[in-house]
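J.: need coordinates for the below:
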Amino acid sequence: MLRRREADLFKNVKKLFVSLVTKFYLPGCSSLKEKRIILNNVKDRFRRRFGIAFCETDFQNKWQRIGFLIVAGVKNIKGLDKILRFSTSFFDRGYRIICTDSEIDYL
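T.: Numbers count the residues shown, from 1 in each chain. The predicted model follows:
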């Protein structure tokens with residue numbers, strides 16, 4: 001969730017683009033095929049709900065690690081907050097994915 005100070009910075013912006021670089025650990029994954037199934041399921045859910053672009057950036061040949069870049073364009077800060085809330089609740093539900101690192105950049 002965004003802090004009030006961050007929300008005030010983007011008050012007059014017409015369109016906000018956000019990039020999120022994340023790294024995940026898949027503790028129950030035993031093959032690259034299983035990793036791809038999980039990754040495609042996550043990407044499809046986020047694309048259907050928010051129209052977000054995904055790109056796998058790291059760990060293509062590691063079967064228990066995922067590194068990807070998420071890019072989203074939102075009209076206002078509420079849209080960004082909605083995406084961040086959904087993503088944290090999605091991964092907190094025990095979806096067999098543990099977030100090890102994430103970094104948000106506002107473009």
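J.: where does the chain have its least confident helix or strand?
T.: helix 4-9 (a mean of 55; mean pLDDT, DSSP states H and E).
J.: low-confidence ranges in this protein?
T.: 1-14, 88, 91-95 (pLDDT under 70).
J.: how near is the nearest residue to Asn61 once chain neighbours are set aside to Leu84?
T.: Leaving aside its chain neighbours, Asn61 sits nearest to Leu32 (7.4 Å; criterion: C-beta to C-beta, 6 or more residues apart in numbering). Bear in mind the C-beta positions are built from the backbone N, C-alpha and C, glycine included. Using C-beta to C-beta, to the nearest Å, we find Leu32 at a distance of 29 Å from Leu84.
J.: looking at those two, which one has more neighbours?
T.: Leu84 (16 against 13; other C-beta atoms under 10 Å).
J.: what's the closest non-adjacent residue to the residue positioned nearest the centre of the chain?
T.: The residue lying closest to the centre of the chain (C-alpha atoms, centre = their mean) is Ile70, at 5.4 Å. Nearest in space to Ile70, with sequence neighbours left out and distances taken as C-beta to C-beta, 6+ apart, is Leu20 at 4.4 Å.
J.: quickly find the element holding that neighbour.
T.: strand 16-25 (DSSP states H and E).
J.: list the buried residues for that strand?
T.: Leu16, Val18, Leu20, Val21, Thr22, Lys23, Phe24, Tyr25 (16 or more other C-beta atoms under 10 Å).
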